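1. the following block contains a protein sequence and its predicted model.
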Amino acid sequence: MKQLLFIQSQRPGSTITAQESFDALLAGSAFAEVSVVFVGEGVLQLVIPQTLHEMPPRKAFNAGFSAMPDFDIHKVYCCAASFREKGLDHQTIRVRPELVESDALSKLWLNADSVLCF
Amino acid sequence: MVLHTFNSPEAFANHNQSTAFGDQLLLIEDGVFCLADKAFNPPAGLLALKEDLELRGITPVHTVELISYKQWVSLVVQNQHTLTWT
């Protein structure tokens, strides 16, 4: 089966790019063996948002991350350097991705048949 | 080999650490503004799109290899993957 790697590098927030790339990931899982890696500001997608009273409550799209195993998405990686840089260790995150050091990141995309970069 | 394209200086700053030795790095669109910044430290073998530089009227203060859109297409064909960092 074709191996697809999705790279999530967009920060969540006022744009829906991060959410749409997650939709693409779920769609991709229907016809390929997919894996996903969060890099750069994309690691912030893992953080569970706290709704502020003065803001309209935003639907937290990353609630859907918990459904990834149901879509046969078992390979979830995260750039270890970005993870530390954003201090994610101390925050509540949605899923427990496998942390990958920078030198091993390139092996991820070299082992994939196709790479989709968001 | 992998071709990485960067379409803004921020994209380059955020993601150039994701590149590996031997990969090809190409500045496209607003990414070429990196070359107008004296503080920018271009890695060896950095490429930039000539047309995009000319379109923005930038004279590079760094020496990098300038390529055409046609050469870009060849690079895409030669490399196993193209990663588009935005």
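-> Right, received. Where do you want to start?
2. now do the strands in chain B.
-> B:2-6, B:24-27, B:47-49, B:65-67, B:81-85 (DSSP state E).
3. would TSV of the ones you listed with mean pLDDT be doable?
-> Shown next, in TSV, are the strands of chain B (pLDDT from 0 to 100):
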stretch	mean pLDDT
strand B:2-6	95
strand B:24-27	96
strand B:47-49	96
strand B:65-67	95
strand B:81-85	94
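4. report the contact partners of A:Glu41.
-> For A:Glu41, the contacting residues are A:9-11, A:82, A:86, B:14, by CB atoms under 8 Å, 6 or more residues apart in numbering or on different chains. For glycine as for every other residue, the C-beta is placed from the backbone atoms N, C-alpha and C.
5. next, the contact list for the closest residue in space to A:Lys2 that isn't next to it in sequence, please.
-> Once flanking residues are discounted, A:Lys2 sits nearest to A:Ala32: 4.5 Å by CB to CB, 6 or more residues apart in numbering or on different chains. Listed by CB under 8 Å, 6+ apart, the contact set of A:Ala32 reads A:1-4, A:114.
6. buried only: go through those residues for me.
-> Neighbour-count burial (16 or more other CB atoms under 10 Å in any protein chain shown) applied to the contacts of A:Ala32 gives A:Leu4.
7. which one of the contacts of A:Ala32 is nearest to chain B?
-> Nearest to chain B among those, counting by CB to the nearest CB, is A:Ser114 at 7.7 Å.
8. picking that back up, got JSON lines for the strands of chain B, with mean neighbour count and distance to A:Ala24 too?
-> Shown next, in JSON lines, are the strands of chain B (neighbours: other CB atoms under 10 Å in any protein chain shown; distance: least, CB to CB, whole Å):
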{"stretch": "strand B:2-6", "mean neighbour count": "23", "distance to A:Ala24": "19"}
{"stretch": "strand B:24-27", "mean neighbour count": "23", "distance to A:Ala24": "24"}
{"stretch": "strand B:47-49", "mean neighbour count": "22", "distance to A:Ala24": "27"}
{"stretch": "strand B:65-67", "mean neighbour count": "15", "distance to A:Ala24": "30"}
{"stretch": "strand B:81-85", "mean neighbour count": "20", "distance to A:Ala24": "14"}
